[in-house]
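Q: No sequence on hand, only this structure:
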């Protein structure tokens, strides 16, 4: 019975001591002292009816003054990172292929659908030129159920025109270029042994 009381007393003591601490804040004696000496302010939200006497800009500046320099630096870095993420727009290039959303059959303008039984569309016919009553040859879905297949080119869209043309390559094209050049170097290296 006494051990239970001791455990309960220890838990109550830990709870009482931990109420005023911030677990995610760095340990700083000045911060702990200022936490107990400063009166707590109540921040009002839009749903509350009492009007604030200070402007919202002033309250944000006051809050920024209350935080330590390391937190300010982290917030500024996060703001810059968010701005860069907003600028990163991937460029999309059309392949000309359209895919049925029901059965995943792909219409390619180079093939048409004349190679299928009952197909009437000759090769070289663009998807936009197909008649409005054309249907998917496998599942009979309407033309509206087809989505255009696009290639995504990674990187900032504003940078696609720079470089030696490699900025506008897809990831598959870049991989082919890299591995092809490694293979060519290997053949050249091995070819050096054939000279001797």
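A: Structure's in. What do you need? Because the structure is a prediction, the values reported are computed rather than measured.
Q: only C-alpha atoms for contact and neighbour calcs from this point on.
A: Noted.
Q: quick one: the helices in this protein?
A: 2-18, 29-37, 56-66, 69-87, 171-194 (DSSP state H).
Q: State the mean pLDDT of the last one.
A: Regarding helix 171-194, the rounded mean pLDDT is 90.
Q: Show me what it is in contact with.
A: With contact meaning C-alpha atoms under 8 Å, 6 or more residues apart in numbering, helix 171-194 is reached by 153, 154, 166.
Q: neighbour-wise, which of those leads?
A: Using other C-alpha atoms under 10 Å as the neighbour criterion, residue 153 leads these with 19 neighbours.
Q: gap between that residue and residue 95?
A: Separation of residue 153 from residue 95 (C-alpha to C-alpha, to the nearest Å) stands at 12 Å.
Q: Then residue 194?
A: 44 Å.
Q: Between these two, which has more neighbouring residues?
A: residue 95 (12 against 8).
Q: I figured the more buried one hits residue 149, correct?
A: Yes - the criterion here is C-alpha atoms under 8 Å, and residue 95 meets it with residue 149 at 6.1 Å.
Q: Name the residues of the top strand by length along the chain that are buried.
A: In the chain, ranked by residue count with DSSP state E as the criterion, the top strand is strand 91-100. Buried residues in strand 91-100, defined by neighbour count with 16 or more other C-alpha atoms under 10 Å: 91, 97, 98, 99, 100.
Q: what's residue 107 in contact with, if anything?
A: 97, 98, 99, 113, 127.
Q: ok, the first one - contacts?
A: Shown in contact with residue 97 (C-alpha under 8 Å, 6+ apart): 106, 107, 108, 109, 148, 149.
Q: looking at those residues, which has the most residues close by?
A: Neighbour max across those (other C-alpha under 10 Å) = residue 107, 22 neighbours.
Q: Where does the prediction get shaky in this structure?
A: Along the chain, the parts satisfying pLDDT under 70 run over 1-2, 13-65, 157.
Q: rerun at 90
A: 1-72, 82-96, 102, 104-105, 107-144, 150-175, 192-196 (pLDDT under 90).
Q: Spatially central residue in it, please.
A: residue 85 (7.8 Å; C-alpha atoms, centre = their mean).
Q: ok, residue 166 to residue 142 distance?
A: For residue 166 relative to residue 142 (C-alpha to C-alpha), the value is 38 Å.
Q: partner strands of the longest strand of the chain, parallel or antiparallel?
A: strand 106-107 (antiparallel), strand 146-153 (antiparallel) (DSSP bridges).
Q: Since that was my last question, I'll sign off now.
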